[in-house]
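got a predicted structure here, sequence first:
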Amino acid sequence: MAAALEKVPGVVDVKIHEGPMEGFAAVGGLVLEAAEARAVLMSARALAGLLQGPREYFGEDVGAAFVYYEGFFTGRAMGEYLSRFGREGALAMLPRIWEARGYGTHIEMLSDPNGGRYRFEVGRLIECEVLSKYLRGPAKTSHFFRGMIAGVLSVVEGGEWEVEEVECINDGSDRCAFDARRK
C-alpha cells in the first residue's frame, strides 16, 4: 500500500501504522482530507486555549457550556455527514473516525439493547490530557467531547441526548467514560 501511495504525485515518505494513533499528525506539512473534511493541526497549547480559554474568560459554568456547544455543533455536523451511511453504518464508523482524528487512543461504544442509551469508553482522551495541567484536584473536564457525542446522536438517532462524563482520567480512572441517554 505504501509503495502504491508513493507513486501518487506529491505524496512522499508514506508510513503505514496499525491501530489508533495518539494526538494530531501530519507528514511533511501535508494535511489529509477525507470524508469531505480537512484535518486541522494545532499544538497542545493552542488546543488548550480553545478548551480552557472560555472557562477562564467567562467563568467555569458559562465557559464549560460554551465549550460543550462547540462540541455539540461539531458533532451535529459530523452526524449530518455520517447519516448518509444509514444509522447502523454511522454508528459503526463513529468510534474509528474519532480514533483516526486523535480524540482518543481506543474508543469503544456500547449500546443498550433496549435502545435510548449508549456508553462511550475512551482511552487517553486528548481533551482531558491537555486540560489536566489546568486542574486543581479531581474534575470531569471533557465538555467538548460530551457535546460532540450529544450532537452526533441528535442527528443519527434523532431527538435530544443528555451526556454525562462518569469517569475521567483526571479523577484517577484509566479512561474517560460517557453515558448518553435519550431525553
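Looks like it arrived, so ask away.

next, the contact list for the spatially closest residue to Ile169 that is not a sequence neighbour, please.
The shortest distance from Ile169 to any non-neighbouring residue, by CB to CB, 6 or more residues apart in numbering, is to Cys128 (5.0 Å). Placement of C-beta: from N, CA and C, glycine included. Counting by CB atoms under 8 Å, 6 or more residues apart in numbering, Cys128 touches 141-142, 168-170, 176.

nearest to Glu80 among those?
Ser142 (22.4 Å; CB to CB).

now that closest one. Its backbone dihedrals?
Backbone torsions for Ser142, taken as degrees, to the nearest 10, come to phi -90, psi 80.

which residues sit against the longest helix along the chain?
As assigned by DSSP state H, the longest helix anywhere in the chain is helix 60-82. With contacts defined as CB under 8 Å, 6+ apart, helix 60-82 is touched by 35-37, 50-51, 53-58, 89-90, 93-94, 97, 143-156.

count of residues packed around Ala64?
By the criterion of other CB atoms under 10 Å, Ala64 has 20 neighbours.

how about the helices in the protein?
Secondary structure of the chain by DSSP H: the helices cover 2-6, 44-58, 60-82, 86-100, 126-131, 143-156.

of these, which is nearest Arg117?
Distance to Arg117, taken as CB to CB, is lowest for helix 143-156 among the helices of the chain, at 10.4 Å.

give the buried residues for the longest helix of the chain.
63-64, 66-72, 74-76, 78-79, 81-82 (16 or more other CB atoms under 10 Å).

alright, I will stop here.
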